[in-house]
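Student: make a model of this:
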Amino acid sequence: MVTRRESTILVTVNGSDEDQRLPQLSYDPDQQQQHQNGRIVPSTAKEVEQGAITSANENEKTAKSTTNEYIAESSLTDPLRCAAMPARYVVAIWAFFGFLCLYALRVNISVAIVAMVPPQSALNQSVRSCPVSNTSSPEPPSHYEFDWKPSTQGFVLGAFFYGYILTQVIGGNLAEKFGGKWIFSGCILIASILTLLTPLAARAHLGLLIAIRVLIGLFSGPAFPSAAALWGKWIPPSERSTIPPVSQSGTNFGIIFTTPLVSFMNNSSFLGGWPSAFYVFGNKTV
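Tutor: Numbers count the residues shown, from 1 in each chain. The predicted model follows:
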């Protein structure tokens, strides 16, 4: 507590003998030591209470400013805004379906190729065995359009990853420069258009089909790095352990949804059978 003591000093005014006594304030040594140490000790309980309220208000303002860093700076006309749902949840749902479509475009050919080429057991082969005489297996059914060797099928199925590995590193840099949502959505759009061209490329030339699959992988590569840029902008740190994994689970749903559906399309006559796997998923993704 600050103690106030009054003392007087004698001063001479205009060279006269009249003196004027002025009050002088002095402080206790303890208070002087506190000021030297840079500390200010409140003198009353009321000041302590006011200091606590001020500190709480400053903490609240700091918390609000931290949260605002992760809220999108968008106007009321922003298409990602929703009156009934926070914008970060809209982004998470949008990314979920984006990952679902990406994996649908990736795995559809793995199932469709079963209807595109004949199985190895159905190839025309001659067998000599005893006591059975020479026998020949029947020709492959006519609905198989391509007679690719296993090595050729391996190139077709692996072509996607030849392009996919090239753009994994630069995807994050592109997202920082042009924006995560533009890279993410633009890559999905281009990959879906190329998927629509896959049946035409397969019937035109094998090399063209492989090139199309390489390009699909090339444009699918930046998806995950650009999604990471979206999480950094839209998702606060307290929710980054829950929202991104839920959105990325769309990859699993894409595989679960695509595999049986493509199998059904292979056995149907809709759009020619196996080509429908590319037309349907490419069209729906666009």
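
Student: for this protein, what spans make up the strands?
Tutor: Ranges of strands in the chain, per DSSP state E, are 5-12, 19-26, 126-127, 135-136.

Student: tell me the mean pLDDT for the third one?
Tutor: Mean pLDDT, computed over strand 126-127, is 55.

Student: what of stretch 89-104?
Tutor: For stretch 89-104, mean pLDDT is 91.

Student: send the alpha carbons of that stretch over as PDB?
Tutor: Coordinates of each C-alpha in stretch 89-104 appear next as PDB, following Å, rounded to 0.1, in the frame of the first residue of the first chain:
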ATOM      1  CA  TYR A  89     -18.800 -27.600 -43.000                       C
ATOM      2  CA  VAL A  90     -19.900 -26.700 -46.500                       C
ATOM      3  CA  VAL A  91     -16.300 -26.900 -47.600                       C
ATOM      4  CA  ALA A  92     -15.900 -30.300 -45.900                       C
ATOM      5  CA  ILE A  93     -19.000 -31.800 -47.600                       C
ATOM      6  CA  TRP A  94     -17.900 -30.400 -50.900                       C
ATOM      7  CA  ALA A  95     -14.400 -31.900 -50.500                       C
ATOM      8  CA  PHE A  96     -15.900 -35.300 -49.400                       C
ATOM      9  CA  PHE A  97     -17.800 -35.600 -52.700                       C
ATOM     10  CA  GLY A  98     -14.700 -34.400 -54.600                       C
ATOM     11  CA  PHE A  99     -12.600 -37.200 -53.200                       C
ATOM     12  CA  LEU A 100     -15.400 -39.700 -53.900                       C
ATOM     13  CA  CYS A 101     -15.500 -38.600 -57.600                       C
ATOM     14  CA  LEU A 102     -11.700 -38.700 -57.900                       C
ATOM     15  CA  TYR A 103     -11.500 -42.300 -56.700                       C
ATOM     16  CA  ALA A 104     -14.400 -43.300 -58.900                       C
END
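
Student: residues in contact with it?
Tutor: By Cβ atoms under 8 Å, 6 or more residues apart in numbering, the residues outside stretch 89-104 that reach it are 80-82, 181, 184-185, 188, 191-192, 220, 223, 227, 230, 234-235, 243-244, 246-255, 257-258, 281, 284-285. Placement of C-beta: from N, CA and C, glycine included.

Student: list the buried ones in that stretch?
Tutor: 89-92, 95-96, 98-104 (16 or more other Cβ atoms under 10 Å).

Student: which one of those is nearest residue 114?
Tutor: Comparing the buried residues of stretch 89-104 against residue 114 with Cβ to Cβ places residue 104 closest, at 16.7 Å.

Student: and that closest one, how far from residue 219?
Tutor: As judged by Cβ to Cβ, to the nearest Å, residue 104 and residue 219 stand 15 Å apart.

Student: same deal with residue 191?
Tutor: 5 Å.

Student: do the same with residue 259
Tutor: 22 Å.

Student: for the protein, longest helix please?
Tutor: helix 87-116 (DSSP state H).

Student: what is the neighbour count of residue 283?
Tutor: When neighbours are defined as other Cβ atoms under 10 Å, residue 283 has 12 of them.
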